[in-house]
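Student: Turn this into a structure:
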Amino acid sequence: MLSQPLLRLNTDGTPLPEHLKRLQQMKGTAATQACKMAYLVSCYPAVSHTFILREVMALKCRGFDIDVASINAPDRDESEMNVEEKHEYAETYYVKKDGFWGALKAHVKALRHPIRYA
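Tutor: Take a look at the predicted model:
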């Protein structure tokens, strides 16, 4: 887990860590549009992939625009996740959830911008 101070309340009343508060403030600013990256992982968020979660959160806090796609659903129920994991769970694209046609649709959409897709 990330050891950031808890400052604000989330919409469900749970504390929102400082780094998530900064992410919300930065959305749509020039800093978040500087560099776009994507992660494709087998299962996210997952207990065994804590290092990936920390890396993604750190890059987002530094202004990178990160998209995460996971082949499989998380390794546990959302009720068992911490605040950071819940935040990432909500913003992650799950390939198997949408099946073959969903993945194909995502590729076709991405091909509209082939330079960005490469």
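
Student: Please make it C-alpha for all contacts and neighbour counts, starting now.
Tutor: Will do.

Student: what comes up buried for the lengthiest helix in the chain?
Tutor: The longest helix of the chain (DSSP state H) is helix 95-111. Neighbour-count burial for helix 95-111, counted by 16 or more other CA atoms under 10 Å, picks out Val95, Ala103.

Student: how about it as CSV, C-alpha atoms only?
Tutor: Only the C-alpha atoms of helix 95-111 are listed here, as CSV (Å, rounded to 0.1, in the frame of the first residue of the first chain):
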residue,chain,number,x,y,z
VAL,A,95,-10.4,-7.3,-21.9
LYS,A,96,-12.3,-10.5,-20.9
LYS,A,97,-15.2,-8.5,-19.6
ASP,A,98,-15.9,-7.2,-23.1
GLY,A,99,-14.9,-10.3,-24.8
PHE,A,100,-13.5,-10.7,-28.3
TRP,A,101,-15.8,-8.1,-29.9
GLY,A,102,-15.0,-5.5,-27.2
ALA,A,103,-11.3,-6.0,-27.8
LEU,A,104,-11.8,-5.8,-31.6
LYS,A,105,-13.8,-2.6,-31.2
ALA,A,106,-11.1,-1.1,-29.1
HIS,A,107,-8.5,-1.9,-31.7
VAL,A,108,-10.6,-0.4,-34.5
LYS,A,109,-11.1,2.8,-32.5
ALA,A,110,-7.4,3.0,-31.8
LEU,A,111,-6.6,2.5,-35.5
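
Student: Which neighbouring elements make contact with it?
Tutor: If you count contacts as 3 or more CA pairs under 8 Å, 6 or more residues apart in numbering; DSSP states H and E, helix 95-111 packs onto strand 65-72, helix 114-117.

Student: Among those, which comes closest to Trp101?
Tutor: strand 65-72 (13.9 Å; CA to CA).

Student: Identify all contacting residues around the closest one.
Tutor: By CA atoms under 8 Å, 6 or more residues apart in numbering, the surrounding residues in contact with strand 65-72 are 32-44, 56, 59-60, 91-97.
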